[in-house]
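Enquirer: A structural model of the following input is requested.
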Amino acid sequence: MSNIRRIAVNTGGGDAPGLNAVIRAVVLSAEQLGWKVVGLKDSYDGLFEEGGVIPLDRRAVRGITHLGGTILGTTNRGNPLNWPVEGPDGTVTYEDRSQQVVDLIEKHEVDALIAIGGDGSLAIAHALSKLGLPVVGVPKTIDNDLAATNLTFGFTTAVETATDAIGKLHSTAEAHERTMVVELMGRTAGWIALHAGVAGTADVILIPEIPYDIGVVCRKIEERYGSHGSQFAIVVVAEGAHTAEGSMRYRETNEGQHRLGGIGKVVSEQIHELTGRETRELVLGHLQRGGGPNAYDRLLALRFGAAAVRMVQQGRFGTMVALDPPDVLAVPLAEAISRIKTVPLDSDTIQTARSLGICLGDR
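Expert: So this is what the prediction gives:
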């Protein structure tokens, strides 16, 4: 694409380890082609704010590969398809500003956009692509729930963080002879809980894909305290876990938003009520997003960033870069956001958990 002179990059949605590595790869790869790069601050918000579009060069991205967070900032509220506008009386209405985004990007003489984000951010990118904006997406989420890619960067680091926390819980649980319940992120998919639970040698793992029976869970715990001779138990619960009769639990934030959370406390209280065992719960929360990426996520993020620039060079817009081991290739954005990728019930990791005697709440 000989007409490419300047590209933009932004990060949207929740942060994930590896965002800065993608940005660095985009900038360095673009410089190799003689292109200029600008960054949009706080997803698309920077387009509507003075100083929100910043130049990115080799010096700006020096030494950031190992850093957590994102030098561009991010938000999960700046949706140009549904932009909040507060009226004089304080009421909030919503308007579609997607065409303004396209116009402002053109005003800044940007020839293509590399959008880094999860399903929400990539849905925005897809909508902008349909308006004629040349877009290439990069999949980002610790939840690993994006379709069309084998892995998303940030996932393996989040699993390491969770596994380390579960490992630490073993010693305190054993010392106090308690059952410890740890709630992990993952939204409506159980990838983090399953992988961290198996790696952290949990006794029970509850994920959204397998509705649980609390009676089955308690029998497993009593079995561990009884015939197995242990005086503690570790229960890992994905935030989207639920019973066959119930639904996922949501909590209201200070801003009035409803987010998944609270199931760990419910499970902990139920275990205590049914077994009489001393039980404590821990919500690991945003620690799973924090810190720098591990080596695998650094490499994957750098590969994704470099591949995104190659897709721009080849004019393959309206796509997302995806890992299809051992390659990184382009898939249509529409395919990438078509569904949430959940844990297959016949997956090898599920089978491994059952072979190890880990209770998944169903039997």
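Enquirer: Please count neighbours and contacts with C-alpha atoms only from this point.
Expert: Noted.
Enquirer: so residue 29 sits in a helix?
Expert: Yes: using DSSP: H, G, I helix; E, B strand; the rest coil, the assignment for residue 29 is a helix.
Enquirer: Give the burial count for the closest residue to it other than its chain neighbours, as a bare number.
Expert: Counting by C-alpha to C-alpha, 6 or more residues apart in numbering, residue 306 is the residue found nearest to residue 29 once chain neighbours are left out, at 5.8 Å. Residue 306 sits with 22 neighbouring residues when counted by other C-alpha atoms under 10 Å.
Enquirer: The chain should start at 443 in everything you say after this.
Expert: With 443 as the first residue, the last one maps to residue 748.
Enquirer: pLDDT score assigned to residue 748?
Expert: Listed pLDDT for residue 748 reads 98.
Enquirer: Check what contacts the strand or helix carrying it and list those residues.
Expert: Taking DSSP states H and E as the criterion, residue 748 maps to helix 737-755. Residues from elsewhere that reach helix 737-755 (C-alpha atoms under 8 Å, 6 or more residues apart in numbering): 443, 446, 459-461, 463-468, 471-472, 507-508, 554, 556, 577-580, 595-599, 759, 762-764, 770-772.
Enquirer: which among the residues you listed end up buried?
Expert: Neighbour-count burial (16 or more other C-alpha atoms under 10 Å) applied to the contacts of helix 737-755 gives 446, 459-461, 463-468, 471-472, 507-508, 554, 556, 577-580, 595-599, 759, 762-764, 770-772.
Enquirer: Next step: those restricted to helices.
Expert: 461, 463, 464, 465, 466, 467, 468, 471, 472, 597, 598, 599 (DSSP state H).
Enquirer: wait, which of those residues is closest to residue 561?
Expert: Distance to residue 561 across these (C-alpha to C-alpha) is lowest for residue 597, with 14.6 Å.
Enquirer: Report the separation between the nearest residue to that closest one once chain neighbours are set aside and residue 687.
Expert: Ranked by C-alpha to C-alpha, 6+ apart and with sequence neighbours excluded, the top spatial neighbour of residue 597 is residue 584, at 4.1 Å. Distance check for residue 584 against residue 687: by C-alpha to C-alpha, to the nearest Å, it reads 28 Å.
Enquirer: neighbour-wise, which of those two wins?
Expert: Taking neighbours as other C-alpha under 10 Å, residue 584 and residue 687 compare with residue 584 leading, 26 against 8.
Enquirer: Quick check: next helix or strand after the helix or strand hosting residue 658?
Expert: In the assignment (DSSP H and E), residue 658 maps to helix 656-667. Per DSSP H and E, the first helix or strand lying C-terminal to helix 656-667 is strand 675-680.
Enquirer: Quickly run through the sheet partners of that next one, with directions.
Expert: Partners of strand 675-680 in the sheet, by DSSP bridges, are strand 621-626 (parallel), strand 646-648 (parallel).
Enquirer: quick check, distance from stretch 599-619 to the centre of its chain.
Expert: Distance of stretch 599-619 from the chain centroid (C-alpha atoms, centre = their mean, to the nearest Å) equals 21 Å.
Enquirer: Show me the contact partners of that stretch.
Expert: 459, 584, 621-622, 624, 626, 634-635, 637-639, 641-642, 644, 673-676, 720, 726, 729-731, 735-736, 739.
Enquirer: how does it look with 7 Å?
Expert: 459, 584, 621-622, 634, 637-639, 641-642, 673-674, 730-731, 735-736, 739 (C-alpha atoms under 7 Å, 6 or more residues apart in numbering).
Enquirer: Dump that stretch to CSV, restricted to CA.
Expert: Extracted C-alpha coordinates of stretch 599-619, given in CSV (Å, rounded to 0.1, in the frame of the first residue of the first chain):
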residue,chain,number,x,y,z
THR,A,599,0.3,-13.7,32.6
ALA,A,600,-3.1,-13.5,34.3
VAL,A,601,-3.0,-17.3,34.8
GLU,A,602,0.5,-17.0,36.3
THR,A,603,-0.7,-14.3,38.7
ALA,A,604,-3.8,-16.4,39.8
THR,A,605,-1.7,-19.6,40.1
ASP,A,606,0.8,-17.9,42.3
ALA,A,607,-2.0,-16.6,44.5
ILE,A,608,-3.6,-20.0,44.8
GLY,A,609,-0.2,-21.5,45.7
LYS,A,610,0.1,-19.0,48.6
LEU,A,611,-3.4,-19.8,49.8
HIS,A,612,-2.4,-23.4,50.3
SER,A,613,-0.1,-22.6,53.2
THR,A,614,-2.4,-20.3,55.1
ALA,A,615,-5.4,-22.6,54.5
GLU,A,616,-3.4,-25.6,55.9
ALA,A,617,-2.1,-23.6,58.9
HIS,A,618,-5.7,-22.6,59.9
GLU,A,619,-7.4,-25.7,58.7
